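In: how does the following fold in three dimensions:
(one chain, ligands or ions: 3)
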Amino acid sequence: MNVKGFAGGVALVAAVLAAPTDAAANQFFPVQSFDFTAGQTVVGQGDWLRRATTETPALEVVSGSLSYAPGGIPASNGNSLRIQALDGEDARLPFPGGVITPADNNTYYWSAILEWDGTNAGNTSSYFAAFLGTPATGSTTFRGILRGGGDGVGNVYLGTQLFSNTSGDNPTVFASNPIPASTPVFLVIKVTEVPGERNDTSALYLFTTQAVPATEPGSPTVVSEYVTGTNTGDIQGITTTGGGIQAFSVRQFQNINWPGAWRIDEIRAGSTWESVVSDPSNVSSWSLYN
Ligand SMILES: [Ca+2]
Ligand SMILES: [Ca+2]
Ligand SMILES: [Ca+2]
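Out: Ligands and ions are numbered 1, 2, ... in the order given. Okay, the predicted model is just below:
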């Protein structure tokens with residue numbers, strides 16, 4: 001009798017603890033709060049490495065964290081990362097588990113709090129954050145791309161693109177609501193390996209005024225799909241020629257016509273919505289205490 005009761009208690013505790021444990025298990029790396037030294041490059045701090053060759057200015061950790069005021073995202077520790085509109089240093093954060101080989105119906109999410117500094121709205125766009133494939137150093141096999149762009153009359157938008165190429169096979173799709181200046185927004189990008197070739201998607205969920213839901217919304221803000229063309233237009237297709245997904249990357253690229261500096265913080269990546277909107281290490285968020 002006592003043994004049975006004890007076993008039931010163990011089962012209950014295991015069930016209560018399962019949610020945060022699963023969220024942690026589905027993360028590709030621990031949340032990146034930039035609890036690093038401000039005023040210095042992020043390269044060499046934590047697990048961050050240089051993506052390509054040396055470029056200046058540095059991809060610099062700056063003082064203070066970003067927070068998403070409407071809520072749903074835990075408060076951030078430490079500092080944050082500045083991304084400038086200059087062809088400066090790029091960095092990558094390798095997955096501790098190594099390269100992920102995509103399989104049918106797999107999903108890959110990343111999320112972040114992001115702030116545009118309000119300068120140089122510009123009249124074109126460029127991309128500055130994405131998953132990264134192979135090879136590790138110097139690779140431009142970006143997928144699940146975040147792109148920022150201006151309309152030339154002061155408005156700035158965010159969009160997503162499945163891969164980085166210039167053929168137009170997978171055009172960027174922008175969300176229609178402008179990004180407020182100096183006000184943090186929250187975003188999730190979801191890449192889906194749809195069974196078959198040239199049909200994968202990159203979806204953007206953009207939050208500017210609403211609290212971030214604990215469960216995935218029924219539909220994203222916008223979706224970028226592979227259209228047509230001659231490129232190897234599939235996550236699995238790229239894998240067969242040496243791809244896969246193995247890192248997260250942040251890029252600085254010179255274009256005087258694209259929006260000014262950004263700050264990014266609280267970067268999460270994982271295979272589920274829950275793994276990129278919650279903090280498994282935050283005990284107060286566990287169902288046991290709600
Ligand atoms: Ca932070
Ligand atoms: Ca596919
Ligand atoms: Ca660069």
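
In: wait, what's in contact with the most centrally placed residue in the chain?
Out: Nearest to the centroid of the C-alpha atoms of the chain, with distances taken as Cα atoms, centre = their mean, sits Trp110, at 3.2 Å. With Cβ atoms under 8 Å, 6 or more residues apart in numbering as the criterion, the residues that contact Trp110 are 129, 131, 144, 188-189, 248, 267-269, 276. C-beta here means a position set from N, CA and C on the backbone, and glycine is covered the same way.

In: can you tell me how far it sits from ligand 3?
Out: The gap separating Trp110 from ligand 3 is 19 Å, by Cβ to the ion, to the nearest Å.

In: sec struct for that residue, please.
Out: strand (DSSP: H, G, I helix; E, B strand; the rest coil).

In: surely Ile83 meets Val250?
Out: Yes - at 6.1 Å, Ile83 counts as touching Val250 under the criterion of Cβ atoms under 8 Å.

In: can you redo the contacts of Trp110 as TSV with secondary structure, neighbour count and distance to ligand 1?
Out: As requested, those are exported to TSV (DSSP: H, G, I helix; E, B strand; the rest coil; neighbours: other Cβ atoms under 10 Å; distance: Cβ to the ion, whole Å):
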residue	secondary structure	neighbour count	distance to ligand 1
Ala129	strand	24	15
Phe131	strand	27	21
Gly144	strand	29	22
Val188	strand	22	18
Ile189	strand	28	19
Phe248	strand	24	15
Ile267	strand	22	9
Arg268	strand	24	12
Ala269	strand	26	16
Val276	helix	29	16
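
In: export stretch 211-225 as CSV, just CAs?
Out: Listed next in CSV are the C-alpha coordinates belonging to stretch 211-225 (Å, rounded to 0.1, in the frame of the first residue of the first chain):
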residue,chain,number,x,y,z
ALA,A,211,1.1,39.5,-25.3
VAL,A,212,2.9,36.5,-26.6
PRO,A,213,0.7,33.4,-26.3
ALA,A,214,1.9,30.3,-24.6
THR,A,215,0.7,28.1,-27.4
GLU,A,216,1.2,28.6,-31.2
PRO,A,217,-1.3,30.8,-32.9
GLY,A,218,-3.4,29.2,-35.6
SER,A,219,-1.8,31.2,-38.4
PRO,A,220,1.4,33.3,-38.7
THR,A,221,1.6,36.9,-39.7
VAL,A,222,3.2,36.1,-43.0
VAL,A,223,4.7,33.1,-44.8
SER,A,224,7.5,32.8,-47.3
GLU,A,225,7.3,29.8,-49.6
